[in-house]
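Student: coords below, sequence missing:
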């Protein structure tokens, strides 16, 4: 009966192509653009004009490129931590909540010292705020690790649900303890003083020093994941848990290590957003960077350097979506639609790399 309903089946390939494994993100990107052109056509827009606005307009000036790199920073930072988790076979889906927790912790730290009588310099406060962001994100991820470790709770559901709790906590803080008393009753904190904002890399640009930190973190994580025994232990634990247990590697340690690293990276991404382009604590710290970073990690093949490529693509989609709204009058959902298409097409390409479609012979006597 199954052969009648579906005349083909997936068959595991004996030796998947390593070259295609690295070309798969590029192929998925090309297919996304082709389907995107069809989408613009279905919406009554010229496909060439739509793709030009979506892909080329965000790259036409130095200021536009700096905005692209600005959005790339939190995406890559979150993807670095997620890559560690996924290589360890720990499925953290809550980077968005960890980013919010880190941003909230960093913003609270800056507001504590930004009172006009602080004895600490702006640079010292920014360092403390960054550390607070790392700790806040790591602690939020630690809740997932604790529930998985003690009660065998599913880390996918726990980390995802904690994202919504973090959003509610942020709303409470900006409507309560952190609310600006002179903010005309808007749910937001005071605007940070200029000395407590991240230094800009270029004059006339919003690109801040967090971008340089992201590049340095990418180099450090490349060494950690591919040139250190600790990174090797995490990878083996994810790929072959029975072999890791036989070798004496602790799966419990891998769980805690990967989640705390992931939460720390998401937390500092939130800290950089609050102390960088936002400059205060708002009800919305992130437009979904933590969720988009999941796609970034897989586009980059769970490789820190590859995450930069994935981050550039995702930030281009964010800016392209904004351009499509203002220039073409398209809805804001266009950004998420392109991101979703890229993810599903990437998964489809990866599936066909590891499996081949094999025609199923029909059963005798069945027409």
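Tutor: That came in fine, so what should we check first? Everything quoted here is computed from the prediction, not taken from an experiment.
Student: just confirm residue 11 is within a strand.
Tutor: Yes - when DSSP: H, G, I helix; E, B strand; the rest coil is applied, residue 11 is found to be in a strand.
Student: ok, and the closest non-adjacent residue to it?
Tutor: Once flanking residues are discounted, residue 11 sits nearest to residue 358: 4.2 Å by CB to CB, 6 or more residues apart in numbering. Placement of C-beta: from N, CA and C, glycine included.
Student: show me where the protein has its strands.
Tutor: 8-12, 355-359 (DSSP state E).
Student: before we move on, back to that, for the residue nearest to residue 11, what are its contacts?
Tutor: Neighbouring residues of residue 358 by CB atoms under 8 Å, 6 or more residues apart in numbering: 8, 9, 10, 11.
Student: does anything pack onto the longest helix along the chain? Which helices or strands?
Tutor: Ranked by residue count under DSSP state H, the longest helix found in the chain is helix 122-151. Applying 3 or more CB pairs under 8 Å, 6 or more residues apart in numbering; DSSP states H and E, one finds that helix 122-151 makes contact with helix 95-113, helix 155-175, helix 251-273.
Student: buried stuff in that helix?
Tutor: Buried positions in helix 122-151, judged by neighbour count with 16 or more other CB atoms under 10 Å: 122, 125-126, 128-145, 147-149.
Student: about what we covered before: can you redo the strands of the chain as TSV with mean pLDDT and distance to residue 62?
Tutor: Listed next are the strands of the chain as TSV, based on pLDDT from 0 to 100; distance: least, CB to CB, whole Å:
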stretch	mean pLDDT	distance to residue 62
strand 8-12	80	47
strand 355-359	81	45
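Student: returning to what we had before: measure how the longest helix of the chain sits relative to helix 95-113, angle-wise.
Tutor: Orientation check (axes from the mean of the first three to the mean of the last three CA atoms, to 10 degrees): helix 122-151 against helix 95-113 gives 140 degrees.
Student: so what pLDDT did residue 248 get?
Tutor: For residue 248, the pLDDT comes out at 73.
Student: scratch that, residue 17 is what I was asking about
Tutor: 84.
Student: coming back round to it: could you dump the helices and strands packed on helix 122-151 into TSV with distance to residue 303 and mean pLDDT added?
Tutor: Output for the helices and strands packed on helix 122-151, formatted as TSV (distance: least, CB to CB, whole Å; pLDDT from 0 to 100):
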stretch	distance to residue 303	mean pLDDT
helix 95-113	17	97
helix 155-175	22	97
helix 251-273	15	95
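Student: residues in contact with residue 350?
Tutor: By CB under 8 Å, 6+ apart, the neighbours of residue 350 are 21, 24.
Student: flag the shaky bits of the chain, pLDDT-wise.
Tutor: Along the chain, segments meeting pLDDT under 70 span 1-7, 242-243, 361-367.
Student: excluding its backbone neighbours, what's nearest residue 275?
Tutor: Excluding the flanking residues, the one nearest residue 275 by CB to CB, 6+ apart is residue 198, at 5.1 Å.
Student: so the one you found makes contact with residue 272?
Tutor: Yes - between residue 198 and residue 272 a contact is recorded at 6.5 Å, counting by CB atoms under 8 Å.
Student: any common contacting residues for these two?
Tutor: Counting by CB under 8 Å, 6+ apart, the shared contacts of residue 198 and residue 272 are 208, 210.
Student: more neighbours: those two, which one.
Tutor: Neighbour comparison, residue 198 and residue 272: the larger count goes to residue 272, with 30 against 24 (by other CB atoms under 10 Å).
Student: does that one touch residue 208 like I think?
Tutor: Yes - using CB under 8 Å, residue 272 is in contact with residue 208, at 7.1 Å.
Student: for the residue most central in space within the chain, give me its contacts.
Tutor: In the chain, the centroid-proximal residue (CA atoms, centre = their mean) is residue 293; its distance is 1.7 Å. By CB under 8 Å, 6+ apart, residue 293 lies in contact with 74, 75, 76, 78, 79, 82, 95, 266, 311, 314.
Student: ok, and the closest non-adjacent residue to it?
Tutor: residue 78 is the one closest to residue 293 (CB to CB, 6+ apart), at 3.5 Å.
Student: what's the neighbour count on that neighbour?
Tutor: Quick note: residue 78 (other CB under 10 Å) scores 34 neighbours.
Student: does it touch residue 102 like I think?
Tutor: No - using CB under 8 Å, residue 78 is not in contact with residue 102; the gap is 10.1 Å.
Student: return every residue with contacts to both of the two.
Tutor: Here residue 78 and residue 102 share the contacting residues 266, 269, scored by CB under 8 Å, 6+ apart.
Student: which residues touch stretch 310-320?
Tutor: Stretch 310-320 has contacts (CB under 8 Å, 6+ apart) with 25, 29, 53-55, 57-59, 64, 67-73, 75-76, 79, 287, 292-293, 295-300, 335, 338-339, 342.
Student: buried subset of those as a PyMOL selection?
Tutor: Buried members of the contacts of stretch 310-320, defined by 16+ other CB under 10 Å, are picked up in PyMOL with:
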select buried, resi 25+29+53+54+55+57+58+67+68+69+70+71+72+73+75+76+79+287+292+293+295+296+297+298+299+300+335+338+339+342
